[in-house]
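K.L.:
Whatever this is, show me its structure:
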Amino acid sequence: MTSTPQAPPSGARTAQPEHLGHVIFIAAAAAMGGFLFGYDSSVINGAVEAIRDRYDIGSAALAQVIAVALIGCAVGAATAGRIADRIGRIRCMQIAAVLFTVSAVGSALPFSLYDLAFWRVIGGFAIGMASVIGPAYIAEVAPPAYRGRLGSFQQAAIVVGIAVSQLVNWGILNAADGDQRGELLGLEAWQLMLGVMVVPAVLYGLLSFAIPESPRYLLSVGKRERARAILAEVEGREIDLDDRVAEIEQAMKSEHKSSFKDLLGGSFFFKPIVWIGIGLSVFQQFVGINVAFYYSSTLWQSVGVDPADSFFYSFTTSIINIVGTVIAMIFVDRIGRRPLAIIGSVGMVIGLALEAWAFSFDLVDGRLPETQGWVALIAAHVFVLFFALSWGVVVWVMLGEMFPNRIRAAALGVAAAAQWIANWAITASFPSLADWNLSATYVIYTVFAALSIPFVLKFVKETKGKSLEEMG
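P.N.:
Got it, this is the predicted structure:
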């Protein structure tokens with residue numbers, strides 16, 4: 001028999017901020033890191049073919065330049081938590097904003113392929129930081145009654161960032177008369193595409209000066225009065241602030257700092273639950289979703305689509321990504337994580353299989369036959385829609401819920417690292433695989449989408465409606 005948890009004496013669970021709009025602004029400002037995450041991840045899509053042409057490189061070298069940012073992502077994600085605990089969440093955001101800005105300027109004005117790769121790594125480090133700090137900060141400042149909805153701002157900002165980058169790329173390409181290397185404002189079009197990120201990066205930095213530091217961090221460094229003032233600002237003055245401060249301090253004292261050795265056990269090095277988390281992360285990437293965002297314009301051009309049209313199709317794919325994400329946000333707490341994942345897997349299998357079929361036909365005058373071309377285009381949108389309404393959101397939700405409290409932080413870190421590694425593997429291998437056999441490449445992605453179904457059915461437990469304390 002389990003006892004029902006008692007409501008916090010401070011009244012935090014039902015706290016209502018006096019100015020909800022201000023709290024929404026704070027969460028939206030922090031989620032700008034997610035916007036930059038999505039923008040930087042996808043903007044390179046518009047420059048791929050121009051980089052190949054300018055530096056006269058093959059598919060393997062091109063893939064490394066595109067994928068090298070993921071190395072920075074992994075390092076940034078691994079170190080962001082410690083940096084934030086040492087200097088604060090806001091300072092961490094400001095560092096990320098500076099790195100985003102520097103990366104945008106450097107990427108727009110490279111001297112060679114090697115320093116372009118270096119600036120990509122710097123941008124990746126900022127992405128890694130933003131991917132960790134944004135959700136953590138929002139969770140720490142959001143009133144408990146609004147935490148789920150405000151926390152979804154991060155994922156929404158990511159998909160909006162992807163869409164905006166594609167729209168900007170399309171606009172710049174049209175201004176350059178469809179030539180990625182056409183001159184605009186003294187630069188080649190692809191350079192301008194990468195340089196435009198300076199605008200949201202600077203905005204992110206400016207917004208970080210307009211939002212308060214996390215009360216949790218302030219309490220960790222002994223600034224109790226400032227923490228009380230911010231709690232009153234974001235949770236309302238009707239709560240008992242002294243009790244609220246005491247609750248947070250008590251929770252921080254009782255937290256177990258999980259380490260890597262806590263994950264060890266079982267027959268295969270890690271505990272089974274850790275392997276399940278790794279499996280979710282790997283399947284999320286091995287269906288080839290990032291091919292749709294890193295290489296989509298290149299993919300369409302390779303089967304004869306006009307460059308300007310290819311950029312427009314990339315933009316419409318991003319809109320579908322937003323629609324799917326909204327659907328997931330609506331249904332993830334209604335029908336559950338597992339059913340949504342299975343629905344998504346079935347839809348992805350259908351979309352990917354149709355793409356593989358369409359790409360198996362020989363090009364006619366450099367283009368796919370009309371029927372196969374339309375099938376490929378529609379199937380690509382179907383694939384992205386079903387990914388976005390399922391695995392795109394569900395995996396992150398489940399990774400945050402499925403691990404026992406005592407290993408959650410360390411296990412989530414390992415699962416996130418596995419996700420970046422899998423992302424790198426797909427991103428780095430696609431150009432060479434596509435040169436080998438584009439249809440067979442999509443067959444591989446289809447197989448992984450199909451295998452994800454029995455994986456979920458056999459190993460993944462539903463976490464809907466369960467408290468974090470019930471896990472494990």
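
K.L.:
where does this structure have low pLDDT?
P.N.:
1-19, 147-148, 237, 254-260, 262, 266-268, 405, 408-409, 465-472 (pLDDT under 70).

K.L.:
Dead centre of the protein: give me the residue that sits there.
P.N.:
Nearest to the mean C-alpha position of the chain, counting by CA atoms, centre = their mean, stands Ile158 at 6.0 Å.

K.L.:
Need the nearest residue in space to it, chain neighbours excluded.
P.N.:
Closest residue in space to Ile158, ignoring its immediate chain neighbours: Gly38 at 3.9 Å, by CB to CB, 6 or more residues apart in numbering. From N, CA and C alone the C-beta is placed, and that goes for glycine too.

K.L.:
so where do the helices sit in the stretch 1-150 of the chain?
P.N.:
20-43, 48-55, 59-67, 69-87, 89-108, 113-141, 147-151 (DSSP state H, counting those that start in this stretch).

K.L.:
Does Ala176 touch Gln191 like I think?
P.N.:
No. Using CB atoms under 8 Å, Ala176 makes no contact with Gln191, being 10.7 Å away.

K.L.:
thinking again about what came up before, can you give me the neighbour number for the residue nearest to Ile158?
P.N.:
25 (other CB atoms under 10 Å).

K.L.:
Could you measure from the closest residue to Ser59 other than its chain neighbours over to Val282?
P.N.:
Counting by CB to CB, 6+ apart, Ser59 lies nearest to Pro431, which is 3.6 Å off, once chain neighbours are set aside. Between Pro431 and Val282 the distance is 21 Å, computed by CB to CB, to the nearest Å.

K.L.:
And Trp119, by the same measure?
P.N.:
28 Å.

K.L.:
picking that back up, ok, Pro431 and Val282, which is more surrounded?
P.N.:
Neighbour totals were compared for Pro431 and Val282, and Pro431 leads with 25 against 20 (other CB under 10 Å).

K.L.:
what does stretch 213-224 contact?
P.N.:
84-85, 88-90, 137, 140-141, 226-228, 230-231, 234, 245, 248-249, 252 (CB atoms under 8 Å, 6 or more residues apart in numbering).

K.L.:
still on that earlier bit, could you export the helices of the stretch 1-150 of the chain as CSV, including distance to Trp391?
P.N.:
Supplementary listing: the helices of the stretch 1-150 of the chain in CSV, determined by distance: least, CB to CB, whole Å:
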stretch, distance to Trp391
helix 20-43, 16
helix 48-55, 25
helix 59-67, 21
helix 69-87, 18
helix 89-108, 26
helix 113-141, 17
helix 147-151, 18
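
K.L.:
between those, which gets nearest to Trp300?
P.N.:
Trp300 lies closest to helix 48-55 among the helices of the stretch 1-150 of the chain, at 10.8 Å (CB to CB).

K.L.:
Which positions in that closest one come out as buried?
P.N.:
Within helix 48-55, the residues that qualify as buried are Val48, Glu49, Ala50, Ile51, Arg52, Arg54, counting by 16 or more other CB atoms under 10 Å.

K.L.:
Give me the residues contacting that helix.
P.N.:
57, 62, 65-66, 112-113, 116, 180-181, 188-190, 294-295, 297-298, 301, 307.

K.L.:
From these, list just the buried residues.
P.N.:
62, 65-66, 113, 116, 180, 188-190, 294-295, 297-298, 301, 307.

K.L.:
Quick one: the strands in this protein, in order.
P.N.:
183-184, 187-188, 264-268, 270 (DSSP state E).

K.L.:
can you put the ones you listed in a markdown table and add distance to Val132?
P.N.:
Shown next, in a markdown table, are the strands of the chain (distance: least, CB to CB, whole Å):
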| stretch | distance to Val132 |
| --- | --- |
| strand 183-184 | 35 |
| strand 187-188 | 33 |
| strand 264-268 | 24 |
| strand 270 | 21 |
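
K.L.:
and Gly195, which of these is closest to it?
P.N.:
So among those, strand 187-188 is nearest, using CB to CB, at 7.1 Å.

K.L.:
who touches that closest one?
P.N.:
Ala50, Arg54, Ala108, Leu109, Gln180, Arg181, Gly182, Gly195.

K.L.:
Paired strands for that strand, with orientation please.
P.N.:
strand 183-184 (antiparallel) (DSSP bridges).
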